[in-house]
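Chemist: Need a 3D model of the sequence below.
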Amino acid sequence: MKLFLGGGGRKEDSTELDKNFVANLDLSKPLLYIPIAINTNKYPYSGCINWLRDILSPLGVKNIVMWIEDDLKKKQEKDFEQFSGVYIGGGNTFKLLKELKEFGTFEILKRLAKKDVPIYGGSAGAIIMAKTIIPALSADENNVGLTDYSAMNLVKDYDIWCHYSESLDTMIKDYTNKYGLNKIVAIPEKAGLFITEKSKIVIGPANVYIIEQNRKTILKPGSKF
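Modeler: The predicted structure follows:
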């Protein structure tokens, strides 16, 4: 398993995580981009792929293929085999999870992850890799009527809180108590995680935080847990 989970933010915030992701790609193959979490009224898909090209092209990724809703509905697992990896963008976590499950892409991505296909999740794309998407209730509107918040659980029973800052500690404590969240990885916008079957490694420059039973542990870049 090779998961790269970012806390969100501007392109310069994730430079170290982006470099680590690209280092694990076979650059002779295209990269698949799934941006369906985004609000297309504000950010059209044409702008989304230009944004990703602007980030990854300087790192050597020259061939990016974007699949949106109508594409994913038609795709089977064999269709994903042509790609070096998958990049799942941010936006509304509820829309993302609901549609991935409806299209069958959710289970495909889980299987690809277990086959060591590199998968990058930014913000909403990171949250769906966790145990649940309950932390997204703090920021996203569930305007798609999603009732099952269970996610991929590829981070060993952790929930993920993206866009973390210390100002959110009281809210996180409330969510921990209200929803019974036992283990939370809180990822600031300038940090990320590299997840394998054997370890979870903090990618800087910022720290990542583990919140368990109202206790917060600081993990510096390079730390494993």
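Chemist: to the chain's geometric centre, what's the distance from the lowest-mean-pLDDT helix or strand in the chain?
Modeler: The helix or strand of the chain with the poorest confidence is helix 169-179; it has a mean of 93 (mean pLDDT, DSSP states H and E). Distance of helix 169-179 from the chain centroid (C-alpha atoms, centre = their mean, to the nearest Å) equals 21 Å.
Chemist: what sits up against it?
Modeler: The contact list for helix 169-179 (C-beta atoms under 8 Å, 6 or more residues apart in numbering) reads 134-135, 137-138, 161, 181-182, 184, 186, 211, 213-214, 216. Yep, even glycine has a C-beta here, placed from its N, CA and C like the rest.
Chemist: Ile201: what's it in contact with?
Modeler: With contacts defined as C-beta under 8 Å, 6+ apart, Ile201 is in contact with Leu193, Phe194, Ile195, Gly222, Ser223, Lys224.
Chemist: Mind putting those into JSON lines with pLDDT, distance to Val22 and secondary structure?
Modeler: Below are those laid out as JSON lines (pLDDT from 0 to 100; distance: C-beta to C-beta, whole Å; DSSP: H, G, I helix; E, B strand; the rest coil):
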{"residue": "Leu193", "pLDDT": "98", "distance to Val22": "16", "secondary structure": "strand"}
{"residue": "Phe194", "pLDDT": "98", "distance to Val22": "12", "secondary structure": "strand"}
{"residue": "Ile195", "pLDDT": "97", "distance to Val22": "17", "secondary structure": "strand"}
{"residue": "Gly222", "pLDDT": "97", "distance to Val22": "19", "secondary structure": "coil"}
{"residue": "Ser223", "pLDDT": "96", "distance to Val22": "22", "secondary structure": "coil"}
{"residue": "Lys224", "pLDDT": "94", "distance to Val22": "21", "secondary structure": "strand"}
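Chemist: Now, of the contacts of helix 169-179, which are buried?
Modeler: Listed as buried from the contacts of helix 169-179 are Ile134, Pro135, Leu137, Trp161, Leu181, Ile184, Ala186, Ile211; burial here means 16 or more other C-beta atoms under 10 Å.
Chemist: before we move on, back to that, of the contacts of Ile201, keep whichever come out buried.
Modeler: Among the contacts of Ile201, those classed as buried by 16+ other C-beta under 10 Å are Leu193, Phe194, Ile195.
Chemist: any idea what sits nearest the first one, other than its immediate chain neighbours?
Modeler: Spatially, and ignoring its direct neighbours in sequence, Leu193 is nearest to Leu5 (4.5 Å; C-beta to C-beta, 6 or more residues apart in numbering).
Chemist: Show me what the helix or strand where the one you found lies is in contact with.
Modeler: Using DSSP states H and E, Leu5 sits within strand 3-6. Strand 3-6 has contacts (C-beta under 8 Å, 6+ apart) with 14, 17, 20-21, 24, 113, 118-123, 125-126, 129, 154-155, 160, 162, 187, 192-196, 203.
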